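# Fold the following and give me the result.
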Amino acid sequence: MNVVYKITYPNGKIYVGQDVTDSIGYFGSPKSAYIALDFTREERRSFTITREILWESETASRQEVSAMERHFIVTLRSNDPSIGYNRWPRFKNHNSN
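Numbering: from 1, shown residues only. Reported below is the predicted structural model:
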């Protein structure tokens, strides 16, 4: 099963990723350094995240799975550093000059 999932961290920020093995224990590969900046030492002592499957397919190609992952990253704006931890595709802030 191919899935695209959303991880939600205690601060409300999200990470969108894909898993082509549907492993229940896989929680993505966001850059830990970005996440670490958002949490104090004390907050790290008890840390709960959630993983939600946004889309799944038994027959999708890797290209289709990647396209769906990108769709959700852009739609949910998880590539906006104020919202999430994805850094690809690069977020374009259309409000700045």
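# Now for the spatially closest residue to residue 48 that is not a sequence neighbour: which residues touch it?
Spatial nearest neighbour of residue 48, excluding adjacent residues (C-beta to C-beta, 6 or more residues apart in numbering): residue 10 at 6.2 Å. No exception for glycine: its C-beta is placed from N, CA and C like everyone else's. By C-beta atoms under 8 Å, 6 or more residues apart in numbering, the contact list for residue 10 reads 39, 43, 47, 48, 49.
# And for the lowest-mean-pLDDT helix or strand in the chain, what's in contact with it?
One helix or strand of the chain scores below all others by mean pLDDT, DSSP states H and E: helix 32-36, with a mean of 93. Applying C-beta under 8 Å, 6+ apart, the external contacts of helix 32-36 come out as 9, 81, 85, 87.
# and the gap between the third one and residue 1?
This points to residue 85. Distance of residue 85 to residue 1, given as C-beta to C-beta, to the nearest Å: 24 Å.
# So what touches the helix or strand that contains residue 70?
Taking DSSP states H and E as the definition, residue 70 sits inside helix 62-76. With contact meaning C-beta under 8 Å, 6+ apart, helix 62-76 is reached by 2, 4, 6, 14, 16-18, 20, 54-55, 57, 60, 78-79, 83-84, 86, 88-89.
# one more time with 6 Å, if that's ok
Helix 62-76 has contacts (C-beta atoms under 6 Å, 6 or more residues apart in numbering) with 2, 4, 16, 18, 54, 55, 79, 86.
# What is the nearest of those residues to residue 30?
residue 86 (7.2 Å; C-beta to C-beta).
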